[in-house]
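Engineer: This is a predicted model, with the sequence first.
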Amino acid sequence: MNKNRSIIYNLPIKKFDSLLDKLGIEKTWQSVLATNLKNYGKKDLFYILEENEFKDAKIQEYDFIKDLSVGEISVLYEYSLAYVNRDKRKKEGQYFTPDDIAQIMAKRAALFPKNKTWVDPCSGIGNLSFWLAKKQSDPENFIKNNLFLIDRDELALFIARFIFATNFQDKDKIFFNNIKARFIVADFLESEKLPGYDYAILNPPYVLTKSDDRFETSQARDLYAYFLEKIIKTTQGFVSITPQTFTNGQKFKSFRGLLIDNFSNIKIYCFDNVPDSIFRGIKFGSKNTNKANSTRAGIIVASKKENEKSFKITPLLRWRSKDRKQFLGLIDGFLTEVNPSANIFPKIHRDFLPLYKMVETCDKTLANFVSSSPTKYRLTVPSTPRYFISALKRPISRSSFKTLYFYNEQEYNFAYLLLNSSYMYWWWRVNDGGMTISEKTLLTLPIVKNIIADKDLLSKVEKSETTNLVIKRNAGKDNENVKHDLLLINEINKKMFPNFANILGKLHNNSVI
């Protein structure tokens, strides 16, 4: 079962819903926090209950946050936001970071220079900042003097302050009161009265918005790009998690340029969404049948270091849920030194560097073979890659696909084998990795010289279209595709790319472990 789902449905959630219906979200959470502190808190923390927010808070029979981690409390808060206003929740585009990922980000942030000021500019209830503070030798002092949490959600910041006080109070006997000024209700993008800071840790909103000419990244029309642009221009370094679309999308070209122009040391970790996903959560408030948060995520760790220039990136990493802890401990080993540009941050495994360097010299791409007008030589390419990409001569019934027309039979058959090989799938993972394969990714596929279309292989692939037809039901509609046997794909790889066949075949594995 999805872990975040189990958090919600292992609780007496109907009782929680009833509180929300009766009290509203603010008084419900005041009651939840008061209950937790009254029943399980240390007596030296009871002074917190004297605050105005707890004046009318009712102590409940059930403690909804007993034994929950900060990440799990985040999930419950996200649930409550969606429960009271599903449409607003979706519009906000904010999804809370799981504890294990927050710890990974905090661990890397802790390697930055000491005694500097950090900002969490869209903190929510403070999951990232919590783990960043926990990594410090003196968390209490760090929170009081080296950390600001900023968010538009006043209630979320109040919950964050409560969590920080009950977990990190040590020598300061009124810690909850004395850190109030560090929790700032403001719009980070709009406010002109923000405190000074040196570094940032953040999980910005993932939501499309209007183009805003105040930002160089206005073409992206995405709030996460605007947040990161401001962070890039106002910090000495940052750690962030966002969708990994910034690595390749054309609308993020200006963002990529800003990043590599302003920071000398950059590491980017890229994560697939199958079979496991970084966020693992539920999109509370989603109206879709599938409510899983299936974002392909990317973590950026960027800093300015004198006399050091380094850009490292991982391939699009995939892992099984049962291997999650082991996998997350190994991610640095997948970092590969590459030459980035504003045009693309190629997501490459080091074993594929020779292949990438080889295809960079190709003078033709698939676009040279494709006709802009319909011809009798047609291939259909289903648009949603997961573990494979296929190109089909037969018509299929599905809602999303690309159609390619070719000038002649020779180029048609050549493209047929090339697109059904692992090479096309690799090119997509290096240059794309979105929910659907773009026409740009297809048409920029480099054409390697001295490769011919083997007639025996052509017959096998054509036959496979009939014998390996698969159907997936999505949104009440059956969508057809063809999943070729891996032995056949490997046969194509060996014929067309003999020097890289073994590593190309591994691309379809469901884990890098």
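Structural biologist: Sure thing, it's come through. Numbers count the residues shown, from 1 in each chain.
Engineer: Trp319 against Ile331, yeah?
Structural biologist: No - taking C-beta atoms under 8 Å as the definition, Trp319 is not a contact partner of Ile331, at 9.4 Å. Every C-beta, even on glycine, is put in place using the N, C-alpha and C of the backbone.
Engineer: So, low pLDDT: which residues of this protein?
Structural biologist: Along the chain, the parts satisfying pLDDT under 70 run over 1-6, 87-94, 280-293.
Engineer: max-length helix in it?
Structural biologist: When the chain is scanned for its longest helix (criterion: DSSP state H), the result is helix 13-40.
Engineer: Which helix or strand lies directly C-terminal to that helix?
Structural biologist: Going down the chain from helix 13-40, the next helix or strand is helix 70-84, by DSSP states H and E.
Engineer: counting contacts, what elements does that next one pack onto?
Structural biologist: Applying 3 or more C-beta pairs under 8 Å, 6 or more residues apart in numbering; DSSP states H and E, we find helix 70-84 packed against helix 3-9, helix 13-40, helix 86-92, helix 99-109, helix 127-134, helix 154-168.
Engineer: Need the winner for burial among the ones you listed.
Structural biologist: Counting by mean count of other C-beta atoms under 10 Å, helix 127-134 has the highest mean neighbour count of the helices and strands packed on helix 70-84, with a mean of 26.
Engineer: which one of Trp319 and Ile331 has more residues nearby?
Structural biologist: The residue with more neighbours, out of Trp319 and Ile331, is Trp319; 23 against 18, by other C-beta atoms under 10 Å.
Engineer: returning to what we had before: what angle do the longest helix of the chain and helix 70-84 make?
Structural biologist: Going by axes from the mean of the first three to the mean of the last three C-alpha atoms, to 10 degrees, helix 13-40 is angled at 140 degrees with respect to helix 70-84.
Engineer: So which elements touch helix 13-40?
Structural biologist: Partner elements for helix 13-40 (3+ C-beta pairs under 8 Å, 6+ apart): helix 70-84, helix 154-168.
Engineer: Next, format the ones you listed as a markdown table and append distance to Ala186.
Structural biologist: What follows is those, written out as a markdown table (distance: least, C-beta to C-beta, whole Å):
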| stretch | distance to Ala186 |
| --- | --- |
| helix 70-84 | 19 |
| helix 154-168 | 10 |
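Engineer: Out of those, which gets nearest to Lys477?
Structural biologist: helix 70-84 (26.5 Å; C-beta to C-beta).
Engineer: Flag every buried residue along that closest one.
Structural biologist: 70-83 (16 or more other C-beta atoms under 10 Å).
Engineer: Now the two most distant members of those residues.
Structural biologist: Val70 and Tyr83 (20.2 Å).
Engineer: mind giving me the domain ranges of this protein?
Structural biologist: 3-348, 366-508 (automatic domain parsing).
Engineer: Kindly reformat those domains as TSV containing distance to Pro354.
Structural biologist: Shown next, in TSV, are these (distance: least, C-beta to C-beta, whole Å):
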stretch	distance to Pro354
domain 3-348	11
domain 366-508	8
